[in-house]
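Colleague: Test case, fold it:
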Amino acid sequence: MSTESTLPKSAGTVVVGAGCVGCSAAYHLAERGREDVVVLDRGPLFETGGSTSHAPGLVFQTAGGKMMTRMAAYTRELYTDLDSYRMSGGIEVAYTEDRWNFLKRKREWGQSYGLDGGDLLSPESVAEHAPQIDESVIHGGYYLPTDGKAHAVDASRAMAERASELAGHEFYGNTLVTDVETVDGAVQAVVTDQGRIACDDLLVATNIWGPLFGDMVDRDIPLVPCSHQYLVSDPIDDLAGAEREIEQPMLRHQDYSLYFRQHGDSYGVGSYNHEPLLVDPEDIYGPEKLDDLGLEYPSLREFTATHFYENTH
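Modeller: Okay, here's the model as predicted:
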């Protein structure tokens with residue numbers, strides 16, 4: 001990890017974005033022997049202000065395809081090794097008979113893709129894991145005990161430290177990229193408010209700000225940021241005295257595109273059951289704007305009941 005305040009004049013590879021994607025890229029490049037990598041971020045390391053800083057972090061490993069399932073399982077293994085994963089288990093409940101039949105197939109997918117320990121639970125067993133659930137309105141649930149919560153900021157920091165140890169990669173926060181110099185379509189240098197870095201390769205890991213970065217080099221980055229509804233409840237009596245952030249399994253209610261996770265004595269609820277709420281990347285708060293407004297995350301907005309309660313499917 002670099003402790004220098006002055007940027008290097010050159011690097012083989014510059015990675016822009018020090019969230020979990022940028023730090024993962026640096027770590028895996030280091031594992032494969034790539035040296036001379038510099039990672040930049042406009043925010044402070046490693047709570048940089050993007051999705052890594054505020055995403056709820058649920059890891060449900062069973063997907064409809066082998067590649068996505070194995071990627072999720074690898075992430076769980078890696079983050080566990082990085083001491084950045086809480087293996088709380090995950091349950092997807094079935095509100096309809098069709099969903100229950102689907103979960104039976106999903107369990108078989110997981111088994112065929114190498115996930116061990118998946119089980120189909122009766123409504124009563126689901127309620128034993130999460131007493132807040134009304135067992136009388138569900139058909140059952142699919143439970144995988146190795147699902148859980150990823151601590152993305154901790155994982156980013158740990159991957160950055162390993163990348164530095166393995167290959168001497170350097171990380172710089174509070175560094176805003178203002179331009180990218182190119183010749184005949186090839187990257188020559190990255191210009192920042194802290195100096196210029198000549199480089200051979202550039203990797204963009206700026207997520208929701210990606211389209212703005214593409215504008216610098218006249219390239220379309222096909223990404224559209226969207227708002228997402230997430231709330232944290234008031235304290236719940238059933239969770240009073242919780243000693244850890246997460247003690248109950250993560251929950252999914254896919255019939256209504258909802259997910260849930262414990263926050264100590266409260267519950268977090270996320271919903272995708274609303275119309276797409278597109279956001280212009282220029283309207284997303286950066287670190288400097290957050291300070292001006294006294295906010296912690298770029299995601300904080302007033303609650304909109306219309307988009308939370310009026311279902312789209």
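
Colleague: Can you tell me the SS state at V15?
Modeller: strand (DSSP: H, G, I helix; E, B strand; the rest coil).

Colleague: For it, give its distance to V21.
Modeller: The gap separating V15 from V21 is 9 Å, by CB to CB, to the nearest Å. (C-beta placed from N, C-alpha, C; glycine too.)

Colleague: From the neighbour counts alone, determine which of these two ranks first.
Modeller: V15 (29 against 20; other CB atoms under 10 Å).

Colleague: contacting residues around the more buried one?
Modeller: Contacts of V15 were listed using CB atoms under 8 Å, 6 or more residues apart in numbering, and they are G22, A25, A26, V37, V38, V39, L40, L203, A205.

Colleague: pLDDT added to the residues you listed, as CSV?
Modeller: Below are the contacts of V15 laid out as CSV (pLDDT from 0 to 100):
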residue, pLDDT
G22, 96
A25, 97
A26, 97
V37, 97
V38, 97
V39, 98
L40, 97
L203, 95
A205, 94
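
Colleague: Among those residues, name the ones in strands.
Modeller: With strands defined by DSSP state E, the entries of these inside them are V37, V38, V39, L40, L203.

Colleague: Pretty sure the second one sits against S10.
Modeller: Okay, so that is V38. No - judged on CB atoms under 8 Å, V38 makes no contact with S10 at a distance of 9.0 Å.

Colleague: Of the ones in strands among the contacts of V15, which is the nearest to Y95?
Modeller: Nearest to Y95 among those: L203, at 41.9 Å, using CB to CB.

Colleague: Quick check: pLDDT value at the nearest residue to the closest one once chain neighbours are set aside.
Modeller: Leaving aside its chain neighbours, L203 sits nearest to V15 (4.6 Å; criterion: CB to CB, 6 or more residues apart in numbering). We have a pLDDT of 98 for V15.

Colleague: do G140 as well
Modeller: At G140, the predicted lDDT confidence score is 97.

Colleague: OK, contacts around the closest residue to L45 other than its chain neighbours?
Modeller: Counting by CB to CB, 6+ apart, the nearest residue to L45 once its immediate chain neighbours are dropped is G173, at 3.8 Å. Counting by CB under 8 Å, 6+ apart, G173 makes contact with A18, D41, G43, P44, L45, F46, T48.

Colleague: ok, of the residues you listed, which come out buried?
Modeller: The neighbour-count test (16 or more other CB atoms under 10 Å) marks A18, D41, G43, L45, F46, T48 as buried among the contacts of G173.

Colleague: before we move on, what SS does D98 have?
Modeller: Classification of D98 using three-state DSSP returns helix.

Colleague: got any residues that touch both of V38 and S10?
Modeller: Here V38 and S10 have I197, C199 as joint contacts, going by CB under 8 Å, 6+ apart.

Colleague: Comparing these two, which residue is more hemmed in?
Modeller: More neighbours surround V38 than the other of V38 and S10, with 23 against 14 (other CB under 10 Å).

Colleague: Show me what that one bridges to in the sheet.
Modeller: V38 forms beta bridges with V14, E170, as assigned by DSSP bridges.

Colleague: ok, it to D193 distance?
Modeller: V38 is 15 Å from D193, where distance means CB to CB.

Colleague: and the nearest residue to D36 once chain neighbours are set aside, how many neighbours?
Modeller: Leaving aside its sequence neighbours, D36 sits nearest to G12 (CB to CB, 6+ apart; 3.7 Å). Neighbour count for G12, taken as other CB under 10 Å: 14.

Colleague: ok, G12 to A167 distance?
Modeller: G12 sits 10 Å away from A167, going by CB to CB.

Colleague: Can you pull the residues that touch both of these two?
Modeller: With CB under 8 Å, 6+ apart, G12 and A167 have common neighbours R34, E35, V37.
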